[in-house]
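Peer 1: Fold the following, please.
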Amino acid sequence: MRALARIDTGAIERNCARLAALGPLCAVVKSNGYGHGAVAAARAAQRGGAAWLAVATANEAAELRAAGVDGPLLVLGALAPEELRTALAAEADVVAWREDFVAGLPRSARVHVKLDTGMGRLGTRDPAEAERVAAAAGDRLVGVMTHFATADDDPAFMREQLDRFVPWADRFGVMRHAANSAGALAEPAARLDLMRCGIAIYGLDPFHRDPADHGLEPALSLVSYVAEVKRARVGDSVGYGRRFIAERDTWIGTIPIGYGDGYRRGLTGRGEVLVDGRRVPLAGTVSMDNITVDLGDEPVERGTEAVLIGPGLPAEDMAAKLGTINYEITCGLTARVPREYVKAQGL
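Peer 2: Prediction:
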């Protein structure tokens, strides 16, 4: 196997159990379960105690139902008319913030009204309009919600959002939900009646530090192998653009993974790989199908496993090198990388 994402569903299950101990949990499995596989993640989350599941799109809801995943399911995103039909056919709850949207819903629909308290994307900023939407939903209203913009790095603004949301939400007598992973972990008052946790259920740190700080276990490892090992003498170059020119005699390993698999080209000159348990730097440009690493004076056997993400080389490290967030690292793994599901014992 040239590259493989190994997913520990036991870790997802245990992460969900830890979160569910804080309050009712909605496991967010959008974007193919943040790259981990939506169906496998959903099932593991339910085994761990998730009472709800959430996705971003109607097709994601349909995928779960087609795989036999049952239970309460919420589509978080905006829905065009044809998508709305798909979501309702999947017996998913939908999010509303406009009266004309609610007017087009069947009597059987289940509606969550969204008040925009500071994210500035979906939802209405106008509490009075949100109240009219809730009234229009009538007995189809099952929840009211908002979404935090800064739960990971500005708790003061998160609390401002919460202060705008709770007094408005309390008047309806239905389920209130606001917290994402960071909000659920950092602010007990934000947990309300349901926590919508995504990144944390996969064992990734919503604060972009160490998942172990919150007792979370990373569920995904990305592995490949050293396909070729060759000597580079002083002055020899490696890869597109000759961005690596050996300044000393060294050994170069070629690993068959690249940006076609989701291993970002931006890691050129910055990335590291664990080869035989040793951190080695990338040598040369990340290409579509291969990367090359500088093994120094210690060549390895062809076929030696190479770890791109895993114990000792967390997704948070790669994200920091790229100036991005861990979400983007796992979501960016392409369909060319097979997912292998295992269930390891807990730490």
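Peer 1: looking at it, residue 214 is touching residue 185, isn't it?
Peer 2: Yes. Between residue 214 and residue 185 there is a contact at 5.5 Å, judged by Cβ atoms under 8 Å. Just so you know, the C-beta spots here come from the backbone N, C-alpha and C atoms, and that holds for glycine as well.
Peer 1: If you count surrounding residues, which of those two has more?
Peer 2: Ranked by neighbour count (other Cβ atoms under 10 Å), residue 214 and residue 185 place residue 185 first, with 26 against 20.
Peer 1: Check the spacing between the more buried one and residue 60 real quick.
Peer 2: Separation of residue 185 from residue 60 (Cβ to Cβ, to the nearest Å): 25 Å.
Peer 1: re earlier: what is in contact with residue 214 and residue 185 at once?
Peer 2: Common neighbours of residue 214 and residue 185 (criterion: Cβ atoms under 8 Å, 6 or more residues apart in numbering): residue 200.
Peer 1: next SSE after the host helix or strand of residue 306?
Peer 2: Under the criterion of DSSP states H and E, residue 306 resides in strand 305-309. Note on strand 305-309: by DSSP H and E, the next helix or strand toward the C-terminus is helix 315-322.
Peer 1: for that next one, packing partners?
Peer 2: Helices and strands touching helix 315-322, by 3 or more Cβ pairs under 8 Å, 6 or more residues apart in numbering; DSSP states H and E, are strand 305-309, helix 326-331.
Peer 1: I'd like to check the angle between that helix and strand 305-309, please.
Peer 2: If you take axes from the mean of the first three to the mean of the last three Cα atoms, to 10 degrees, helix 315-322 sits at 70 degrees to strand 305-309.
Peer 1: what's near enough to touch residue 218?
Peer 2: Residues near residue 218 by Cβ under 8 Å, 6+ apart: 11, 202, 203, 204, 211, 310, 311, 314, 315.
Peer 1: again with residue 273
Peer 2: By Cβ under 8 Å, 6+ apart, residue 273 lies in contact with 255, 279, 280, 282, 291, 293, 306, 307, 308, 313.
Peer 1: 6 Å instead?
Peer 2: Residues in contact with residue 273 (Cβ atoms under 6 Å, 6 or more residues apart in numbering) are 280, 293, 306, 308.
Peer 1: Give me the sheet partners of the helix or strand it falls within and which way each runs.
Peer 2: For residue 273, the element it lies in under DSSP H and E is strand 272-275. Here strand 272-275 is paired, per DSSP bridges, with strand 278-281 (antiparallel), strand 305-309 (antiparallel).
Peer 1: got the CA positions of the strand holding residue 306 in PDB?
Peer 2: Only the C-alpha atoms of strand 305-309 are listed here, as PDB (Å, rounded to 0.1, in the frame of the first residue of the first chain):
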ATOM      1  CA  GLU A 305       7.400   2.300   7.200                       C
ATOM      2  CA  ALA A 306       7.200   6.100   7.100                       C
ATOM      3  CA  VAL A 307       4.800   7.900   9.400                       C
ATOM      4  CA  LEU A 308       3.500  11.300   8.100                       C
ATOM      5  CA  ILE A 309       0.900  11.800  10.900                       C
END
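Peer 1: Off-centre distance for it?
Peer 2: Averaging C-alpha positions (Cα atoms, centre = their mean, to the nearest Å) puts strand 305-309 20 Å from its chain's average.
Peer 1: tell me the mean pLDDT for that strand?
Peer 2: For strand 305-309, mean pLDDT is 98.
Peer 1: all helices of the stretch 1-150 of the chain, in order?
Peer 2: Secondary structure of the stretch 1-150 of the chain, counting by DSSP state H, counting those that start in this stretch: helices at 9-20, 30-34, 38-47, 58-66, 81-89, 99-103, 127-137.
Peer 1: Now tabulate these in a markdown table and tack on mean pLDDT, mean neighbour count and distance to residue 336.
Peer 2: Shown next, in a markdown table, are the helices of the stretch 1-150 of the chain (pLDDT from 0 to 100; neighbours: other Cβ atoms under 10 Å; distance: least, Cβ to Cβ, whole Å):
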| stretch | mean pLDDT | mean neighbour count | distance to residue 336 |
| --- | --- | --- | --- |
| helix 9-20 | 98 | 23 | 21 |
| helix 30-34 | 97 | 22 | 13 |
| helix 38-47 | 98 | 24 | 17 |
| helix 58-66 | 98 | 19 | 19 |
| helix 81-89 | 97 | 16 | 27 |
| helix 99-103 | 96 | 15 | 38 |
| helix 127-137 | 97 | 19 | 42 |
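Peer 1: Just put the ones you listed in JSON lines and tack on distance to residue 169.
Peer 2: Formatted as JSON lines, the helices of the stretch 1-150 of the chain follow (distance: least, Cβ to Cβ, whole Å):
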{"stretch": "helix 9-20", "distance to residue 169": "21"}
{"stretch": "helix 30-34", "distance to residue 169": "23"}
{"stretch": "helix 38-47", "distance to residue 169": "25"}
{"stretch": "helix 58-66", "distance to residue 169": "24"}
{"stretch": "helix 81-89", "distance to residue 169": "23"}
{"stretch": "helix 99-103", "distance to residue 169": "17"}
{"stretch": "helix 127-137", "distance to residue 169": "9"}
